[in-house]
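> 3D model of this:
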Amino acid sequence: VGVYKVEANVIQCHSEVGNTVLVTRITNDRIFSCTTESDWNNILNIGSHDSNATNDWIWVNSPKCKSQQLDGIGKRSPDCASESGSSYCNQADYVFMEINRETKTPLYDNLVTLKDGITTLSKPTSLTTTDESASVLKYFSELSNYELVCWMGDDDARRYFRAFMDLYPLMGSRGQRPFKFKYITLRDTSDPTKDFSDAAQMTYDKCKIFFVSYGIDRFDAGISPESYGKEVETLLGHIERSHKDVTYPTWFLSPRSSTSISGSKGSCVEDSGFRGRTPDRIHKFNERIRRIFHDRQLAAPESEPRIRLMDNSDITEAFWHVLTAKEDASSDTQVMDTQIAAAVAMRCMEKISQQVKSWRSMNQIGTQNGLMKDGTLIPNSELYKEPYQWRK
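Residues are numbered from 1 along each chain as shown. As a prediction, this is how the structure comes out:
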């Protein structure tokens with residue numbers, strides 16, 4: 001409430017650039033969310049950080065060397081900036097990358113570029129290290145044919161699913177069959193099965209890991225944070241009732257701002273009655289979601305939550321600061337959406353790998369005949385007695 005400052009460091013082509021953004025919030029009869037005048041065309045990281053971590057993750061404006069081609073994909077390196085303005089520095093795209101917390105230096109090791117030749121991101125240590133005690137990559141390879149992973153919800157869920165399908169074959173893990181990964185459409189908790197076929201219902205019943213993104217259609221319809229929170233709680237209740245095994249986790253993905261929000265200097269968006277995914281509105285929805293998960297944890301402090309919040313605001317809530325100065329703003333938006341989706345998909349892959357490691361540590365694996373738990377088989381006839389009844 002009132003006036004506050006956001007201090008941000010922006011990294012561009014090998015050098016650190018400091019910027020201060022002054023954001024004013026007015027709370028009388030109306031609420032305004034303003035992006036103040038700024039001359040940058042880079043990206044900052046406004047997400048939360050793990051205070052115990054050695055490095056931070058941040059969006060870096062990363063140069064790509066035109067003269068060093070690897071299968072048609074330019075190699076990224078801070079050295080590309082040494083001849084900035086020449087043909088040597090082909091372009092600088094945004095990469096979600098680790099940086100050294102003390103020196104603010106980007107770490108260019110362990111980058112992976114998707115087949116589009118543009119989308120590049122940094123692989124987390126847990127998916128790259130050869131240290132058996134720290135790596136979980138091998139466990140991703142152990143995901144069985146009967147341990148389905150599902151992305152469920154709105155168009156963002158679909159986007160994250162597609163990004164994951166593009167990403168995981170490039171990660172150095174032994175091949176996984178695509179049929180283990182599914183997308184299920186769910187747009188409105190008042191009629192959750194509107195887009196369900198019989199096959200989709202069967203897939204839902206058999207999913208072992210969920211990544212849920214919900215709300216795009218509801219935000220566009222002008223839903224309030226309070227009503228949105230109630231719908232989310234309804235959806236979480238459905239998942240808890242339909243998948244009662246506490247070893248089957250669900251990750252609820254935080255909603256994100258639209259990358260097509262105008263980045264014009266000094267623009268203000270009146271929040272009263274406004275629809276869509278402006279940063280100010282999404283902030284309110286995310287605050288509501290965080291409160292829901294906080295209260296759920298307080299209600300059962302001794303138990304390990306099987307439905308958790310994956311707060312991706314450090315990935316998603318930076319891009320709206322980028323000025324869309326180019327003529328083809330829609331192209332910029334598409335690139336931003338792809339970069340965001342790939343970074344979230346990488347995080348999903350890490351969660352899948354960690355979960356498989358947890359299952360195997362308790363001698364649990366999905367098989368053709370049912371679920372094997374510590375040497376005991378729970379047959380499919382017990383696991384899937386009937387399709388889940390959403391309207392009960």
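> ok but Phe96 is inside a strand, no?
Yes. Assigned with DSSP: H, G, I helix; E, B strand; the rest coil, Phe96 falls within a strand.
> beta partners for it?
Listed beta-bridge partners, Phe96: Trp59, Leu121 (assigned using DSSP bridges).
> dump the residue contacts of it.
57-60, 121-122, 315, 339, 342-343, 346 (CB atoms under 8 Å, 6 or more residues apart in numbering). (C-beta placed from N, C-alpha, C; glycine too.)
> What about those, which one has the most neighbours?
Ranked by neighbour count (other CB atoms under 10 Å), the contacts of Phe96 have Val60 at the top, with 28 neighbours.
> Surely that one touches Ile99?
Yes. At 7.0 Å, Val60 and Ile99 qualify as touching, with contact defined as CB atoms under 8 Å.
> circling back: got CSV for the contacts of Phe96, with pLDDT too?
Shown next, in CSV, are the contacts of Phe96 (pLDDT from 0 to 100):
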residue, pLDDT
Trp57, 80
Ile58, 79
Trp59, 80
Val60, 79
Leu121, 87
Ser122, 87
Ile315, 87
Gln339, 89
Ala342, 94
Ala343, 93
Met346, 94
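> What is the nearest of those to Asn110?
Asn110 has its nearest neighbour among those in Ser122, at 6.1 Å by CB to CB.
> if you skip the residues just before and after it, what's nearest to the closest one?
Residue nearest to Ser122 in three dimensions, not counting chain neighbours: Met97, with 4.2 Å by CB to CB, 6 or more residues apart in numbering.
> what comes up buried for the longest helix along the chain?
In terms of residue count, the longest helix belonging to the chain (DSSP state H) is helix 329-361. Neighbour-count burial for helix 329-361 flags 332-333, 335-353, 355-357, 359 (criterion: 16 or more other CB atoms under 10 Å).
> Count the residues that sit near Leu377.
12.
> how much space between it and Gly370?
5 Å (CB to CB, to the nearest Å).
> just Ser197 next, same as before
Counting by CB to CB, the gap from Ser197 to Gly370 is 25 Å.
> neighbour-wise, which of the two wins?
Neighbour count, other CB under 10 Å: between Ser197 and Gly370, Gly370 has more, with 17 against 11.
> partners of whichever helix or strand comes after the longest helix of the chain in the sheet?
Next along the chain after helix 329-361, taking DSSP states H and E as the criterion, comes strand 364-367. Applying DSSP bridges, strand 364-367 is found paired with strand 370-373 (antiparallel).
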